[in-house]
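# I need the structure of the sequence given here:
(one chain, ligands or ions: 1)
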Amino acid sequence: MDAPGSNAELRAFLHGLPGVDQVGAEERAARLAARSIKTTAKARAIDLAISMVDLTTLEGADTPGKVRALCAKAVRPDPADPSVPKVAAVCVYPDLAGVAAGALAGSGVAVASVATAFPSGRAPLEAKLADTRAAVAAGATEIDMVIDRGAFLAGDYLAVFEEIAEVKRACGEAHLKVILETGELATYDNVRRASWLAMRAGADFIKTSTGKVSPAATPAVTLVMLEAVRDFHAATGRRVGVKPAGGIRTTKDAIRYLVLVNEVAGPDWLTPRHFRIGASSLLNDLLMQRQKLTTGAYAGPDYFSLD
Ligand SMILES: O=C[C@H](O)COP(=O)(O)O
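Numbers count the residues shown, from 1 in each chain. Take a look at the predicted model:
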């Protein structure tokens, strides 16, 4: 798909996308969420969900020690059980990307870093590019950028497009996840438009939320984004990933998202390469439910180290 020549052209494209049937999207997401799965499938789903977690800490109070502890947990979620898969990535602020890179070296767990003035995205482009380059130089192989929601809501789609394209260039080999902050986009139509805009500008993943705005990830918003990646793949042959993030805390929720992925985008997306769950406190529940399935008893939250 060619780069848009003007804001008017991009606007015509985005507003020409089919509208989202809000009631239909919410009903379908709720219906899929209500599906039950067999115990054997649940065991597989829990391990798949663990392998898709972007284990996240994005607090002003984060320390190198906390990040190192999180990295140890990412590589070996349950020290007593080596059969538990490692998570996909550890996600941190750019100034802690180097600490994470040191702790995760050779582990196969990726270093993801938020960038571009996360979470508000309110900074000059040069600052955002510097933020991105610093994270990559420190060892991040995945960049989670936020879009300029102000520009998007003002209809300045080309500015948003060009900023994403510039950040993608600044990423070099690093993969780019583009956070839409769907809780600020007001309508499902806007979620669909922002998804297409981000994908056309070069996103490797589209991500729902920063986790700092409510509502964060919801099944209906994720369904709309999964439809967008499916349709973008049909139109271009490029498979973009999806990452719901924010407020996902239980195994039940995680499995609901996996059912959505399978039913809406299809099984080709059921891999950490194309689907992630951004979460700060989901992993312990996945570990508890996994242990319950294996041993028939809960170990209790005290057994596992803090997320
Ligand atoms: O990207 C991930 C989010 O910031 C995590 O949000 P959470 O703390 O609600 O799990």
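
# CA atoms only for stretch 30-45 - export them in PDB, please.
The C-alpha atoms that make up stretch 30-45 are tabulated as PDB, following Å, rounded to 0.1, in the frame of the first residue of the first chain:
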ATOM      1  CA  ALA A  30     -19.400 -11.300  24.700                       C
ATOM      2  CA  ARG A  31     -20.600 -14.400  22.900                       C
ATOM      3  CA  LEU A  32     -17.000 -15.600  22.200                       C
ATOM      4  CA  ALA A  33     -16.000 -14.700  25.800                       C
ATOM      5  CA  ALA A  34     -18.700 -17.000  27.100                       C
ATOM      6  CA  ARG A  35     -17.300 -20.100  25.300                       C
ATOM      7  CA  SER A  36     -16.000 -22.800  27.600                       C
ATOM      8  CA  ILE A  37     -13.000 -24.900  26.700                       C
ATOM      9  CA  LYS A  38     -12.000 -28.400  27.700                       C
ATOM     10  CA  THR A  39      -9.500 -29.000  30.500                       C
ATOM     11  CA  THR A  40      -6.900 -30.300  28.100                       C
ATOM     12  CA  ALA A  41      -7.300 -27.300  25.900                       C
ATOM     13  CA  LYS A  42      -7.100 -25.100  29.000                       C
ATOM     14  CA  ALA A  43      -3.700 -26.500  30.000                       C
ATOM     15  CA  ARG A  44      -2.400 -25.700  26.500                       C
ATOM     16  CA  ALA A  45      -4.000 -22.300  26.500                       C
END
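
# ok, now which ones touch the residue in the stretch 1-150 of the chain that the ligand sits nearest to?
Distance from the ligand to each residue of the stretch 1-150 of the chain (Cβ to the nearest ligand atom) is smallest for Thr56, at 4.1 Å. Heads up, the C-betas are built off the backbone N, CA and C, glycines and all. Thr56 makes contacts with Val90, Cys91, Val92, Gly211, Ala245, Gly278, Ala279, Ser280, as judged by Cβ atoms under 8 Å, 6 or more residues apart in numbering.

# the first one falls within a strand, correct?
By that I understand Val90. Yes - with DSSP: H, G, I helix; E, B strand; the rest coil as the criterion, Val90 is assigned to a strand.

# which strand residues bridge it?
Beta bridges link Val90 to Leu55, Val111, judged by DSSP bridges.

# sorry, back to before: ok, which pair from the contacts of Thr56 is furthest apart?
Val90 and Gly211 (14.7 Å; Cβ to Cβ).

# quick one on the thing from earlier: keep the contacts of Thr56, but drop any that are not near the ligand.
When these are checked against the ligand using Cβ under 6 Å from any ligand atom, the ones in range are Cys91, Gly211, Ala245, Gly278, Ala279, Ser280.

# quickly note the distance from the residue nearest the centre of the chain to Ala216.
Centroid-nearest residue in the chain, with Cα atoms, centre = their mean: Lys243, separated by 2.6 Å. As judged by Cβ to Cβ, to the nearest Å, Lys243 and Ala216 stand 12 Å apart.

# hang on, the earlier thing: want to throw the contacts of Thr56 into JSON lines with neighbour count?
Converted to JSON lines, the contacts of Thr56 look like this (neighbours: other Cβ atoms under 10 Å):
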{"residue": "Val90", "neighbour count": "33"}
{"residue": "Cys91", "neighbour count": "32"}
{"residue": "Val92", "neighbour count": "30"}
{"residue": "Gly211", "neighbour count": "23"}
{"residue": "Ala245", "neighbour count": "24"}
{"residue": "Gly278", "neighbour count": "32"}
{"residue": "Ala279", "neighbour count": "28"}
{"residue": "Ser280", "neighbour count": "21"}
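
# looking at the residues you listed, spot the one nearest Asp189.
The closest of the contacts of Thr56, once distances to Asp189 are taken by Cβ to Cβ, is Ala245, at 21.5 Å.

# so that closest one touches Gly278, yeah?
Yes - the pair Ala245 and Gly278 qualifies as a contact (Cβ atoms under 8 Å) at a distance of 2.7 Å.
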